[in-house]
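Student: sharing a sequence plus its predicted fold:
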Amino acid sequence: MSELSHVDREGRARMVDVSAKADTTRIAVAAGELQTTAEVIALVRAEGMPKADVLSTARLAGIAGAKKTSELIPLCHQLALSSVKVEFGFTETSITVEATAKTKGPTGVEMEALTAVAVAGLTLHDMVKAVDPAAVMNGVRLVTKEGGKHGHWVRPEVRGDNVSAPTPADAASAEVESAPPVTTAAADVRANGNAGALGVAGVATLAEAESVGTQDISRTAVVVVASTGSAAGTRTDTTGPVLADWLTSRGFSVRGPLVYADADIAAGLTDALSGAPAFIVTTGGTGASPTDATPEATRAVLDRELPGVADAIRQRGTAKFPLAALSRGVAGLAGRTVVVNLPGSPGGVKDGIAVLEPLLDHLLAQVAGGGNHE
């Protein structure tokens, strides 16, 4: 059995000496969700809560919490954070929270990501408690981490209904002094990380953490939205949630929608591919505008293209809307991950779903080495 690194031979708590470790780029993603009521969701989305801008306040609180992690968790090291991003989304009765923390140093940044989720979630509770004092912050957990000697780590398990993978819609993000996108990395966790985060959040127990199931990798998917306005919080994306709901209804474990500015879509695809999902679908950034870069970023990660899929999506759209022919979206395989670009319009997404619906399962089975070839 592995020993706890934060306990010395006499059983006393200690701070781990990391002075001999090399400085590497560290990235961690954590998630959680606030379970509330449909009334609260409607008020938050309409900015009608008594305490005004709920999401902006919670974003700032999450970022501040990440920066204060070493003061809140006694054995954590002080880290020079290069970036903290906090994203929110909605289901009918919950607000999902996802935080990404980055640094370059000798130890991991997962506690900062977990603390950002916990503090953002508690702030959400504070902002909505006048309407729903029974709101519950659930499932604060580490999703993925990179950097250090242990290599890339992705959460291999999912929990029950209260802690399912987040499906944030209308995502909005905020960053502190964002470093350039990192396209490589892997992870070095500080021992006892999840237990510490659960303690700070005050919203989960170690017993819950032991109640887990095995994730079916063949039914994992990521939704990525390329929208500069949505990433900045100046417009509401309606396409990503539709795709997330569709995939969820088909039995997929869905991550996202992950919302990136058009200029950052390459980093978004790298993030999406980090967990080696079976399927990635993007929406937006496929047109002829100078800022539309999704097809180029996608081709850069593809090993093989599936031109028939992209053509079928274009043809279905063009039959009803001639301008759909301007979409430059591509489809293909990045390793064993199927990647498909869809336009950023609700109609384009609807056409894409109609094309993918009858062929997606067969395509994924073929890529995984099965499928019926008769």
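Tutor: Structure's in. What do you need?
Student: in the protein, which spans are strands?
Tutor: Under the criterion DSSP state E, strands of the chain are mapped to 24-35, 81-90, 94-105, 136-146, 153-154, 157-158, 213-214, 220-226, 253-260, 279-283, 304-305, 331-334, 337-342.
Student: show me where pLDDT drops low in the chain?
Tutor: Residue ranges of the chain with pLDDT under 70: 1-14, 16-22, 48, 50-52, 148-151, 156-217, 370-374.
Student: wait, which of the strands of the chain is closest to residue 298?
Tutor: Nearest of those to residue 298, taken as Cβ to Cβ: strand 337-342 at 5.7 Å. Placement of C-beta: from N, CA and C, glycine included.
Student: so what touches that closest one?
Tutor: 239, 243, 269, 273, 276-283, 285-286, 294-295, 298, 301-302, 306, 309-310, 313, 327, 329-333, 348-349, 352, 356, 360, 363-364, 367 (Cβ atoms under 8 Å, 6 or more residues apart in numbering).
Student: do stretch 311-320 as well
Tutor: So stretch 311-320 is in contact with 324-325, 327, 329, 331, 340, 342-343, 347-348, 351-352, 354-355, going by Cβ under 8 Å, 6+ apart.
Student: adding distance to residue 235 and mean neighbour count, write the strands of the chain out as a markdown table.
Tutor: As requested, those are exported to a markdown table (distance: least, Cβ to Cβ, whole Å; neighbours: other Cβ atoms under 10 Å):
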| stretch | distance to residue 235 | mean neighbour count |
| --- | --- | --- |
| strand 24-35 | 23 | 26 |
| strand 81-90 | 15 | 24 |
| strand 94-105 | 19 | 26 |
| strand 136-146 | 26 | 24 |
| strand 153-154 | 31 | 20 |
| strand 157-158 | 31 | 14 |
| strand 213-214 | 37 | 8 |
| strand 220-226 | 11 | 28 |
| strand 253-260 | 10 | 28 |
| strand 279-283 | 14 | 29 |
| strand 304-305 | 31 | 12 |
| strand 331-334 | 26 | 20 |
| strand 337-342 | 18 | 26 |
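Student: what would the ones you listed look like in CSV with distance to residue 73?
Tutor: Below are these laid out as CSV (distance: least, Cβ to Cβ, whole Å):
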stretch, distance to residue 73
strand 24-35, 13
strand 81-90, 14
strand 94-105, 13
strand 136-146, 13
strand 153-154, 20
strand 157-158, 23
strand 213-214, 28
strand 220-226, 29
strand 253-260, 26
strand 279-283, 34
strand 304-305, 45
strand 331-334, 36
strand 337-342, 35
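Student: point to the residue nearest the middle of the protein.
Tutor: residue 256 (4.9 Å; Cα atoms, centre = their mean).
Student: thought residue 224 was touching it, still the case?
Tutor: Yes - using Cβ atoms under 8 Å, residue 256 makes contact with residue 224 at a distance of 6.3 Å.
Student: tell me how many other residues crowd residue 296.
Tutor: Per other Cβ atoms under 10 Å, the neighbour tally for residue 296 reads 13.
Student: sorry, back to before: which of the contacts of strand 337-342 are buried? Put it as a ChimeraX command.
Tutor: Buried members of these, defined by 16 or more other Cβ atoms under 10 Å, are picked up in ChimeraX with:
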select :239,243,269,273,277,278,279,280,281,282,283,285,286,294,295,298,301,302,306,309,310,313,327,329,330,331,332,333,348,349,352,356,360,363,364,367
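Student: what segments of the stretch 51-200 of the chain are helices?
Tutor: 54-67, 69-72, 110-128, 193-201 (DSSP state H, counting those that start in this stretch).
Student: and among those, the most buried is which?
Tutor: The highest mean neighbour count among the helices of the stretch 51-200 of the chain, using mean count of other Cβ atoms under 10 Å, belongs to helix 110-128: a mean of 27.
Student: quick check on residue 345: phi, psi?
Tutor: Here is the backbone geometry of residue 345 (degrees, to the nearest 10): phi -100, psi 150.
Student: mind listing what it touches?
Tutor: Residue 345 neighbours (Cβ under 8 Å, 6+ apart): residue 239.
Student: how close does the residue nearest to the centre of the chain sit to residue 105?
Tutor: Applying Cβ to Cβ, to the nearest Å, the value for residue 256 to residue 105 is 28 Å.
Student: burial count for the closest residue to residue 350 other than its chain neighbours?
Tutor: Leaving aside its chain neighbours, residue 350 sits nearest to residue 242 (7.8 Å; criterion: Cβ to Cβ, 6 or more residues apart in numbering). Neighbours of residue 242 under the rule other Cβ under 10 Å: 19.
Student: I am finished for the moment; much appreciated.
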